[in-house]
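1. pasting the structure only:
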């Protein structure tokens, strides 16, 4: 499969990926956490992804903390799968979307690995923004990329972007 980059967003996406690489390097070379801690369960990792990546992006922090764990997992999975599938099925901009998803996933995975066994520290809205700010920006960028498509996803993406703006102003 040959990948052609014809969009003007590709250089910007490359800069974002490079920025994510710098953050990965910083996380990797920070002081190591205690190594005797076990890795967290998959459901805890999915809950942090739903909570940090989506709920705190789209809702005010007080409201996001009131969601039960299963709701954070369900919202995170549904939103991620929906946005990934809708972006991957369209040829224009597919390469940019894949680069953004890869960067978001890599930075998120590095933060999870860095704090394995201690993911409860991310329950506070203030603690996780140091490590999960870049994935949140990438998710917001992926939502904005959906604005160009004439379908139900455009309305959904615009609504989610407005929710993110309102949530940002309420913090």
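-> That came through, no problem. All values derive from a computational prediction rather than experimental measurement.
2. got the contact list for the residue nearest the centre of the chain?
-> Compute the mean C-alpha point of the chain, and by CA atoms, centre = their mean the closest residue is residue 135, 3.7 Å away. Residue 135 sits next to 52-53, 104-105, 107-108 when contact means CB atoms under 8 Å, 6 or more residues apart in numbering. Glycine gets a C-beta too; all of them are placed from N, C-alpha and C.
3. Kindly reformat those residues as a markdown table and extend each row with pLDDT, secondary structure and distance to residue 20.
-> Formatted as a markdown table, the contacts of residue 135 follow (pLDDT from 0 to 100; DSSP: H, G, I helix; E, B strand; the rest coil; distance: CB to CB, whole Å):
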| residue | pLDDT | secondary structure | distance to residue 20 |
| --- | --- | --- | --- |
| 52 | 84 | helix | 16 |
| 53 | 83 | helix | 14 |
| 104 | 83 | helix | 8 |
| 105 | 81 | helix | 10 |
| 107 | 80 | helix | 5 |
| 108 | 83 | helix | 10 |
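4. Throw these into CSV and include neighbour count and distance to residue 25, thanks.
-> Shown next, in CSV, are the contacts of residue 135 (neighbours: other CB atoms under 10 Å; distance: CB to CB, whole Å):
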residue, neighbour count, distance to residue 25
52, 28, 21
53, 23, 21
104, 25, 16
105, 15, 16
107, 25, 11
108, 23, 15
